[in-house]
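S.K.: could you work out the structure for the sequence below:
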Amino acid sequence: GVELITICALLQVFWLIWVLCMCTGASATWWYPRKILVLGIIIMFFAIFASRYCLRQTPKTHNQFSFALDSFKTLCSTSSQVPIQVISKSTIKKQFQPQNTLSTVQYNPPNTIQMQTTYEVPKLFENDTPRILSSGAFENPWDTWAGMPKFGDLFRLIRTEGHKLTIKLDQDQLSTELPVQKPDFSVLSQDPGDRIRATWLGHSTVLTQMEGANILTDPVFSERASASQWFGGVKRFRPPPCHVSELPPIDIVLLSHNHYDHLDYYSMRNLEKYHKPIYLVPMGMRKWFLRNIVDKNSSDRVSEHLWFQETQFVGSSKLGHFRFTFTPAQHWTTRTGFDRNKSLWGSWVVHGLSKKFFFAGDSGYCPVFSRIGEHYGPFDFSAIPIGAYEPRWFMKAQHVDTNEAVMLHKELKSRNSLAIHWGTFRLTSEHVCEPRDWLLRLCKEQNLGNSFFALKHGEHREIS
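M.R.: Next up, the predicted model:
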């Protein structure tokens, strides 16, 4: 029902855009105005009745934020550790106040590994906790967040930049400039020892192998970043370098947020089918995984997190030395249009015995990254987004550009950084190769050497 509701909502949006284009005279160059008006009215009535039918068929449940808090409280009530103070929704509507007390949640996945979760806001980050609105939605706490785009901004974006996204890409040129190679599985099947091995699988999907564990970030292997693989959304212009089933055994999946170019239903289903990993996800996303991906008998393999919440694995010779901390980022979330910012977004810090890995997810530039570098850094390896940034008047608050990505590389005190979030999906109006070319120029101008690098799709690099 959710996918149909989403499609219907999109049809209503398309109808409204068509009518506005017709009113401005733009549609005269695309379609005959009378025909498009009739078609738009038909689509509108279909969308309204279909949406109402789906909503009648959908049982009424708590919103995702309430479910997240209820789930967290349930885990706390069954814990044998120090009890956690669960803050009720009514007390955090205005501002989530940090609690400088340690708390622990413990539960046992079927493989007998104990997942131990602690929550403590470091004093350095006392002003970096997410705001909670009266609707239960999360909001970024920094002045660099300009708020959600207005409808007028969306219309201006389509009117001024939409034509750039319709320019056909030369596939022969892409094969030369953005080659896709099959990952070398004979190498990936081996432990990198005291090194970190990073394999870029497109967009924000990175296979990071370190200290005996295989960690996968924001896995997307489908053709479209969309609610449906039949139509809509954004179609990838470079194919995935491999199938999920070909990957080495995946131990941990890290999710930054729920946008379709970062959370793909079909990729997650395949990961569950072939690997059955542990999913570490933002607060508000556990319900989605239990409904769509993970069997209820294996629900303990899904752990959701607030910013600064940390997970460790007890009783595992493979994962026991790791700590995974969910850290802030400046972004937003939605999947259906009715759940805007009801789940959290963020970045991840992975602490090993001797190595540290930072996954930035999706973010606009904000001051929290310098504090992350100061408190959790330096990092041996980071995955930092460099693309999907034009036009700046629209994208600046939610996506860093390449110059800001280099600033993050320095502020995080990252010894080695991989460029992600580019070269796979055409999300914005800059040329698909521009982020990488800009990065190469900046690294040369600022004498960064190979410390901030881009890889081919499917290529790996080992980092000391």
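S.K.: could you list the low-pLDDT ranges of the stretch 51-200 of the chain?
M.R.: Within the stretch 51-200 of the chain, the segments meeting pLDDT under 70 span 51-113.
S.K.: so where do the strands sit in it?
M.R.: According to DSSP state E, counting those that start in this stretch, the stretch 51-200 of the chain carries its strands in the segments 104-107, 114-119, 131-132, 138-139, 196-200.
S.K.: of those strands, flag the one that's most buried.
M.R.: Across the strands of the stretch 51-200 of the chain, averaging neighbours per residue (mean count of other Cβ atoms under 10 Å) puts strand 196-200 on top, at a mean of 24. Quick note: C-beta positions are derived from backbone N, CA and C, even for glycine.
S.K.: ok so, going back, looking at the strands of the stretch 51-200 of the chain, spot the one closest to F185.
M.R.: Smallest distance to F185 across those (Cβ to Cβ): 10.0 Å, for strand 196-200.
S.K.: tell me how far that closest one is from the chain's mean position?
M.R.: How far strand 196-200 lies from its chain's middle: 18 Å, per Cα atoms, centre = their mean, to the nearest Å.
S.K.: helices or strands next to it in the packing?
M.R.: Under the contact criterion of 3 or more Cβ pairs under 8 Å, 6 or more residues apart in numbering; DSSP states H and E, strand 196-200 touches helix 185-188, strand 206-210, strand 381-385, strand 417-420, strand 460-463.
S.K.: buried stuff in the following helix or strand past the third one?
M.R.: What that stands for is strand 381-385. With elements assigned by DSSP states H and E, the helix or strand that comes after strand 381-385 is helix 392-395. Under the neighbour-count criterion of 16 or more other Cβ atoms under 10 Å, helix 392-395 has 394-395 buried.
S.K.: ok, now stretch 314-331?
M.R.: For stretch 314-331, by 16+ other Cβ under 10 Å, it's 316, 319, 321-322, 324-331.
S.K.: quick check, nearest of those to L254?
M.R.: Proximity of these to L254 (Cβ to Cβ) peaks at F324, which lies at 7.3 Å.
S.K.: parallel or antiparallel, list what pairs with the one helix or strand the closest one maps to.
M.R.: Element membership for F324, per DSSP H and E: strand 323-327. Next to strand 323-327 in the sheet, as set by DSSP bridges, lie strand 309-314 (antiparallel), strand 347-351 (antiparallel).
S.K.: L408 is nearest to which of those strands?
M.R.: strand 347-351 (10.0 Å).
S.K.: that closest one vs strand 196-200, what angle?
M.R.: 150 degrees (axes from the mean of the first three to the mean of the last three Cα atoms, to 10 degrees).
S.K.: make CSV from the helices and strands packed on strand 196-200 and add mean neighbour count and distance to A397 to it.
M.R.: Shown next, in CSV, are these (neighbours: other Cβ atoms under 10 Å; distance: least, Cβ to Cβ, whole Å):
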stretch, mean neighbour count, distance to A397
helix 185-188, 13, 37
strand 206-210, 24, 24
strand 381-385, 27, 14
strand 417-420, 26, 19
strand 460-463, 17, 31
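S.K.: nearest to F151, of those?
M.R.: It's strand 381-385; of those, that one is closest to F151 (Cβ to Cβ) at 26.2 Å.
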